[in-house]
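K.L.:
Structure here, sequence nowhere to be found:
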(Lines give C-alpha, C1' and ligand atoms only; values in the text may rest on other atoms or scores of the structure.)
Protein backbone atom coordinates (compact mmCIF):
# COMPACT_ATOMS: atom_id res chain seq x y z
CA UNK A 1 0.00 0.00 0.00
CA UNK A 2 1.23 3.52 -0.80
CA UNK A 3 -0.37 6.74 0.43
CA UNK A 4 -0.67 9.02 -2.61
CA UNK A 5 -3.36 11.65 -2.16
CA UNK A 6 -5.59 13.74 0.08
CA UNK A 7 -8.73 15.25 -1.41
CA UNK A 8 -10.50 18.36 -0.18
CA UNK A 9 -14.19 18.64 -1.03
CA UNK A 10 -15.31 22.23 -1.61
CA UNK A 11 -18.16 24.29 -2.97
CA UNK A 12 -15.61 26.58 -4.71
CA UNK A 13 -12.92 24.68 -6.61
CA UNK A 14 -11.67 27.81 -8.38
CA UNK A 15 -10.97 29.71 -5.14
CA UNK A 16 -9.19 26.78 -3.45
CA UNK A 17 -7.11 25.99 -6.52
CA UNK A 18 -6.03 29.63 -6.76
CA UNK A 19 -5.22 29.73 -3.03
CA UNK A 20 -3.07 26.58 -3.10
CA UNK A 21 -1.32 27.64 -6.30
CA UNK A 22 -0.37 30.92 -4.63
CA UNK A 23 0.79 29.26 -1.39
CA UNK A 24 2.78 26.45 -3.04
CA UNK A 25 3.99 28.24 -6.15
CA UNK A 26 2.87 25.20 -8.16
CA UNK A 27 0.33 25.02 -10.95
CA UNK A 28 -2.64 22.75 -10.49
CA UNK A 29 -3.78 20.35 -13.17
CA UNK A 30 -7.45 21.17 -13.74
CA UNK A 31 -9.02 18.02 -15.21
CA UNK A 32 -12.58 19.37 -15.14
CA UNK A 33 -14.24 22.42 -13.55
CA UNK A 34 -15.02 20.10 -10.62
CA UNK A 35 -11.63 18.44 -10.07
CA UNK A 36 -7.99 19.55 -9.87
CA UNK A 37 -4.73 18.23 -8.47
CA UNK A 38 -1.52 19.76 -7.11
CA UNK A 39 1.13 17.10 -7.57
CA UNK A 40 4.28 17.02 -5.45
CA UNK A 41 7.06 14.43 -5.63
CA UNK A 42 5.67 12.55 -2.62
CA UNK A 43 1.88 13.02 -2.75
CA UNK A 44 -0.99 14.84 -4.41
CA UNK A 45 -3.45 17.35 -3.01
CA UNK A 46 -6.71 16.86 -4.88
CA UNK A 47 -9.52 19.42 -4.86
CA UNK A 48 -12.99 18.23 -5.81
CA UNK A 49 -16.31 20.00 -5.89
CA UNK A 50 -19.31 18.79 -3.94
CA UNK A 51 -20.68 17.64 -7.32
CA UNK A 52 -18.10 14.83 -7.34
CA UNK A 53 -19.70 13.30 -4.23
CA UNK A 54 -22.34 11.73 -6.49
CA UNK A 55 -19.66 9.29 -7.65
CA UNK A 56 -18.97 8.23 -4.04
CA UNK A 57 -22.49 7.62 -2.81
CA UNK A 58 -24.17 11.02 -2.61
CA UNK A 59 -24.15 14.41 -0.93
CA UNK A 60 -23.90 13.06 2.62
CA UNK A 61 -20.58 11.23 2.11
CA UNK A 62 -18.55 14.39 2.85
CA UNK A 63 -19.32 18.00 3.77
CA UNK A 64 -17.39 20.95 2.38
CA UNK A 65 -15.69 23.33 4.83
CA UNK A 66 -16.37 21.05 7.84
CA UNK A 67 -12.88 19.70 8.62
CA UNK A 68 -11.90 19.96 12.28
CA UNK A 69 -9.58 16.96 12.56
CA UNK A 70 -6.95 16.94 9.80
CA UNK A 71 -3.97 19.18 9.06
CA UNK A 72 -2.58 19.26 5.52
CA UNK A 73 1.21 19.49 5.75
CA UNK A 74 3.91 20.60 3.33
CA UNK A 75 7.61 20.39 4.15
CA UNK A 76 9.54 23.46 2.89
CA UNK A 77 13.24 24.35 2.84
CA UNK A 78 12.88 27.55 4.88
CA UNK A 79 9.56 28.21 6.62
CA UNK A 80 10.71 31.69 7.74
CA UNK A 81 11.38 32.72 4.12
CA UNK A 82 8.03 31.28 3.01
CA UNK A 83 6.29 33.15 5.84
CA UNK A 84 7.91 36.46 4.78
CA UNK A 85 6.87 35.83 1.17
CA UNK A 86 3.25 34.94 2.05
CA UNK A 87 2.54 37.00 5.19
CA UNK A 88 0.47 39.66 3.39
CA UNK A 89 -1.47 37.09 1.37
CA UNK A 90 -2.16 34.90 4.42
CA UNK A 91 -2.62 37.68 6.97
CA UNK A 92 -6.26 36.93 7.80
CA UNK A 93 -5.69 33.15 7.65
CA UNK A 94 -2.69 32.75 10.00
CA UNK A 95 -3.23 30.73 13.17
CA UNK A 96 0.40 30.57 14.30
CA UNK A 97 3.52 32.32 13.01
CA UNK A 98 6.61 30.11 12.50
CA UNK A 99 7.20 28.35 15.83
CA UNK A 100 9.53 25.50 16.75
CA UNK A 101 7.59 22.47 17.92
CA UNK A 102 8.76 19.96 20.57
CA UNK A 103 9.26 17.30 17.84
CA UNK A 104 11.80 19.48 16.00
CA UNK A 105 9.88 21.12 13.18
CA UNK A 106 9.44 24.87 12.77
CA UNK A 107 5.81 25.28 11.70
CA UNK A 108 3.60 27.95 10.15
CA UNK A 109 -0.07 27.14 10.70
CA UNK A 110 -2.93 28.78 8.78
CA UNK A 111 -6.36 28.02 7.31
CA UNK A 112 -7.36 27.86 3.66
CA UNK A 113 -10.54 29.67 2.50
CA UNK A 114 -12.66 26.63 3.49
CA UNK A 115 -11.17 26.55 6.99
CA UNK A 116 -8.87 23.54 6.50
CA UNK A 117 -5.70 23.72 8.60
CA UNK A 118 -2.44 23.93 6.64
CA UNK A 119 1.01 23.45 8.18
CA UNK A 120 4.12 24.53 6.29
CA UNK A 121 7.15 23.29 8.19
CA UNK A 122 10.92 22.98 8.12
CA UNK A 123 12.77 20.33 10.13
CA UNK A 124 15.21 22.17 12.44
CA UNK A 125 16.39 19.73 15.11
CA UNK A 126 19.00 17.10 14.17
CA UNK A 127 16.40 14.34 14.68
CA UNK A 128 13.80 16.06 12.50
CA UNK A 129 16.34 16.85 9.80
CA UNK A 130 17.29 13.17 9.72
CA UNK A 131 13.61 12.09 9.65
CA UNK A 132 12.91 14.26 6.59
CA UNK A 133 16.20 13.70 4.80
CA UNK A 134 15.60 13.67 1.06
CA UNK A 135 12.05 15.02 1.36
CA UNK A 136 12.79 18.73 1.50
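P.N.:
Sure, I can see it. Because the structure is a prediction, the values reported are computed rather than measured. Residues are numbered from 1 along each chain as shown.

K.L.:
drop to CA atoms for contacts and neighbour counts, all remaining ones
P.N.:
Will do.

K.L.:
Wait, residue 42 touches residue 6, no?
P.N.:
No - with contact defined as Cα atoms under 8 Å, residue 42 does not reach residue 6; the gap is 11.6 Å.

K.L.:
the more surrounded of the two?
P.N.:
The neighbour comparison of residue 42 against residue 6 (other Cα atoms under 10 Å) goes to residue 6, with 13 against 9.

K.L.:
Can you report how many residues lie near the closest residue to the more buried one other than its chain neighbours?
P.N.:
Distances taken as Cα to Cα, 6 or more residues apart in numbering place residue 45 nearest to residue 6, at 5.2 Å, with adjacent residues excluded. By other Cα under 10 Å, the residues close to residue 45 number 18.

K.L.:
Domains in the chain, by residue range?
P.N.:
The record's domain parsing of the chain by automatic domain parsing lists 1-55, 67-136.

K.L.:
Rounded mean pLDDT for the last one, please.
P.N.:
Read that as domain 67-136. Averaging pLDDT along domain 67-136 yields 96.

K.L.:
With the shortest one instead?
P.N.:
The average pLDDT for domain 1-55 rounds to 96.

K.L.:
So which residues of the chain form strands?
P.N.:
5-10, 29-32, 35-39, 44-49, 71-75, 94-100, 105-111, 117-123 (DSSP state E).

K.L.:
what sits up against the fourth one?
P.N.:
Read that as strand 44-49. 4-13, 16-17, 34-39 (Cα atoms under 8 Å, 6 or more residues apart in numbering).

K.L.:
now these: which count as buried?
P.N.:
The neighbour count (16 or more other Cα atoms under 10 Å) marks 8-13, 16-17, 34-39 as buried among the contacts of strand 44-49.

K.L.:
for the residues you listed, which one is nearest residue 108?
P.N.:
Nearest to residue 108 among the buried ones among the contacts of strand 44-49, counting by Cα to Cα, is residue 16 at 18.7 Å.
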